[in-house]
Each structure stands twice: as structure tokens, then as C-alpha cells.
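Visitor: what shape does this take:
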Amino acid sequence: MFDFDESIDRRPTRALKWLKYEGTDILPMWVADTEFKAPPSVIAALKDRVEHGIFGYSRPSPELTALIIKRMAERYQWQIEADWIVYMPGVVPALNLACDTFSEPNGNIITAKPIYYPFLHAPGFHGRKAAYVDMVEVDGRWLLDLEQLEAQAKHSDLFLLCNPHNPGGTIYTQAELLAINEIAERHNVVVCSDEIHCDLLLDAGKPHIPYAAISKDAAERSIILMAPSKTFNIAGLCCSFAIIPNAKLRQQFSRAARGIMADVNLLGFVAAEAAYREGDDWLAAQLDYLRHNRDLLVTRLNKVPDVKVLSPEATYLAWIDISALELEDPIGFFEQAGVGVSPGGQFGGSDFIRLNFGCPKAMLEEALDRMISAINNR
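Guide: Numbering: from 1, shown residues only. Down below sits the predicted model:
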């Protein structure tokens, strides 16, 4: 029904992912969008809206808000209210807004390391200091070092959580989230949780649990950031939302956004509504495809001497340990082999690279062939 094997030429579209390697045959496997067409329902809704011909200022429809409420209840067993939702043009702007709103100037903001790089930069953008907590390998999964979190929480106002974790692919369990919240509660730390990858779950039986859903206290101290962008490959349409149960935190957040935060793109609203209303069959098919890609990548790379990758539980991103290869210029090495990956140092892990496997299987196989050949012949 849905053709994820289709190879679509994105180069004429000025796509950031492909523009980086314009004029070369390097396969771009870096920035986190996929090579898949958006769901047919999304494309049809956008066509209808474009045919209308007027693109003035817009507001979210009541239907979109209702779909988000329904989605939280059905997929995550989380009962939310309409006025908890604050629409935003992106998760990264919302993350930065949280830094400016829920921490004091020159104060500490906790973030994991490694993590999606805007987390590392956001505190400094707002005159705050980043307080790092290491992600450590535990039984084949990347988890927070809770002793470090406890130590940092004593002197911090805000914790930036990423669940599922990017780049490690961890889906935090109820027990793991409760352990985090015990520390946050003990030291009165606000938690801003980026949950943009919450629909991209690859391991059966491992559900996503919104941080705010674990307890009444967690709900009262949290800002949950979500979007349809990664799920349905519509990131360029710039529609996301924060869910903030605590009225005081929500008021502070919304007030801080006035005059600074742009409105959501009107086509973003249209795409989000169509995706949440009719896109879940497409999503299920995409997840099956991504599971096969994930398993192919993990199996092949773990057979290569001096390379190690833990199987990500979520996302379409692989966090690959290349420390034993002792490459002087890892990115240059793989680009020379014809594959463009993200440097681990960008995320706070210089011994790693991140690879996006959200692409047709043939593209992934070609990338793996090139990488493995280069490693074996170095």
C-alpha cells in the first residue's frame, strides 16, 4: 500500500540534507528527516488547502486540538485538557523558550551528554550554564547516570530531558522516569521533556510514557514538547506543540513567547491535522520498514571489527561507537567513502557517529557497503 522503497530525487528541492553534498555522490545520512513521502492523506490535505489560494494568518482548528487530546489518551493513556496545549513553530524554539523562562540568569540547566545538540547550546544562548549528566550503557541501553543527576539537581532550576533519547534511541520506562522525577521533586527542578520521537517506537512491548503522565508531581513540574514532524516527515512545515498541565508554568511560558515566537505555519496546521486524523496506517507501515532497516544496520555493523552499535529502541537514528577505529577525521573518512554522517562530537560524544536509517533499504545497504569496505581497507 505504501512504497517506502521508492527512491525520490530531493536534490532539486533545496533539501538541506542533500544540499550539503551537492555535486558529489555522497549519500546524506545525517540530518533527521527521512527519505519517505508523507502519508497520502497529508499530501491530499495540503493540495486542497493550496487550491484555496489564500495563505493569510491562521489558527489551529478545534479538530486538531481534539485529535491531539484523543491521541494522548489512546496511544499513551494520558488524559489531557485542551487548554494545556500551546502551539509552537518548532520543538527547538520551545526548548530555548523553556531555558529563558524556567531558569535564572547565570543559573544551571541540566542536560544529558550525549544528546541532540540544541540541548547543549540552548543554556548558553540565554546566559545560563549547562550542567552535564552522562548517558551510560546499561544492559545494552543508554541511560542517565542518576548519581550525576542528583548532584547537578542540587544547583539547577531546569532539566532538559529527551525521551525517546536522541541519539541513543532509549525509551525510558515508568520506573526510570519515576527515578528521574524523585530527584526533580527533591530539588524542585522543572523538567522540559522533548518527546518529538514518541511515535517512532521500534521495539514491541516498549511503550512511550509521557513524562507528565507518570505522577501528579511530574505533571505539575513539566513541559512536554511534541510534534508530528519526525513521525510523518513534515518537519519543514514547522508545527509543534507544548503540553503544560500546570497553569502557572503554562502562563509563564506563553507570556515569554509573546512578540518573540512566530505563529505556526498554516500548512503545518493542515498537515498535522491530516496526519493525526488519517496517518496511522502509514505510520504502522513505516515502523515495520524502519525495524527491518534498524536490524539490518545493527547486524551488519556489529560484525565489523572495532565497530559497535546498540540497537535503538526508538527513532530512525543509530549511535555508532567507532572509538576503536582511532580515526583522526571520522567525518572526512566516511565522506571519502561516500557516506555523510553526523559527527558524534556535535552531540557530546566524539568517539561516535550518528547515522539516519530512515531511507529506502537500497540506499541503506549501499551506505553500509561503502562504510564497511572503507573500514576493512583503511
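Visitor: mind listing the helices for this structure?
Guide: 16-19, 40-52, 62-76, 91-101, 117-125, 146-153, 174-186, 216-220, 229-232, 247-257, 266-278, 280-301, 330-336, 361-376 (DSSP state H).
Visitor: looking at these, which is nearest to residue 32?
Guide: Closest approach to residue 32 among the helices of the chain (CB to CB): helix 229-232, 6.6 Å. Glycine gets a C-beta too; all of them are placed from N, C-alpha and C.
Visitor: list the buried residues for the closest one?
Guide: 229-232 (16 or more other CB atoms under 10 Å).
Visitor: which of the helices of the chain sits closest to residue 131?
Guide: helix 146-153 (4.2 Å).
Visitor: output that closest one as PDB, nothing but the C-alphas.
Guide: Extracted in PDB, the C-alpha atoms of helix 146-153 (Å, rounded to 0.1, in the frame of the first residue of the first chain):
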ATOM      1  CA  LEU A 146      21.300   9.200  38.300                       C
ATOM      2  CA  GLU A 147      24.100   9.900  40.800                       C
ATOM      3  CA  GLN A 148      25.300  12.700  38.500                       C
ATOM      4  CA  LEU A 149      21.700  13.900  38.000                       C
ATOM      5  CA  GLU A 150      21.300  14.100  41.800                       C
ATOM      6  CA  ALA A 151      24.500  16.100  42.200                       C
ATOM      7  CA  GLN A 152      23.500  18.600  39.400                       C
ATOM      8  CA  ALA A 153      19.900  19.000  40.500                       C
END
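Visitor: hmm, who's touching it?
Guide: 108, 110, 131-134, 159, 179-180, 183-184, 186-187, 189 (CB atoms under 8 Å, 6 or more residues apart in numbering).
Visitor: that helix to helix 174-186, inter-axis angle?
Guide: 30 degrees (axes from the mean of the first three to the mean of the last three CA atoms, to 10 degrees).
Visitor: run the chain-centre distance for helix 146-153.
Guide: 24 Å (CA atoms, centre = their mean, to the nearest Å).
Visitor: mind listing what's buried along that helix?
Guide: 146, 148-149, 152-153.
Visitor: stretch 169-181 now?
Guide: 169-172, 176-181.
Visitor: can you give me the pLDDT of the residue lying closest to residue 127 once chain neighbours are set aside?
Guide: Nearest residue to residue 127 in three dimensions, chain neighbours excluded: residue 105, at 5.0 Å (CB to CB, 6 or more residues apart in numbering). Looking at residue 105, its pLDDT stands at 95.
Visitor: check contacts around residue 105.
Guide: 126-128.
Visitor: any chance of those in TSV, plus distance to residue 33?
Guide: Below are the contacts of residue 105 laid out as TSV (distance: CB to CB, whole Å):
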residue	distance to residue 33
126	27
127	31
128	29
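Visitor: any of these buried? List them.
Guide: Judged by 16+ other CB under 10 Å, buried ones among the contacts of residue 105: 126, 128.
Visitor: now the contacts of residue 105 as JSON lines including distance to residue 244 and pLDDT?
Guide: Listed next are the contacts of residue 105 as JSON lines, based on distance: CB to CB, whole Å; pLDDT from 0 to 100:
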{"residue": "126", "distance to residue 244": "19", "pLDDT": "96"}
{"residue": "127", "distance to residue 244": "23", "pLDDT": "97"}
{"residue": "128", "distance to residue 244": "20", "pLDDT": "97"}
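Visitor: of the contacts of residue 105, closest to residue 281?
Guide: Proximity of those to residue 281 (CB to CB) peaks at residue 126, which lies at 41.4 Å.
Visitor: just read off the phi/psi values of residue 303.
Guide: phi -90, psi -10 (degrees, to the nearest 10).
Visitor: okay, now the domains of this protein?
Guide: For the chain, automatic domain parsing gives the domain ranges 11-40+280-376, 54-278.
Visitor: nearest to residue 2, of these?
Guide: domain 11-40+280-376 (4.7 Å).
Visitor: wait, which of the buried residues of helix 229-232 is closest to residue 204?
Guide: Of the buried residues of helix 229-232, the one sitting nearest to residue 204 (CB to CB) turns out to be residue 231, at 17.8 Å.
Visitor: show me the contacts for the closest residue to that closest one other than its chain neighbours.
Guide: In space, and not counting its chain neighbours, residue 231 is closest to residue 199: 4.1 Å by CB to CB, 6+ apart. Shown in contact with residue 199 (CB under 8 Å, 6+ apart): 75, 208, 230-231, 283.
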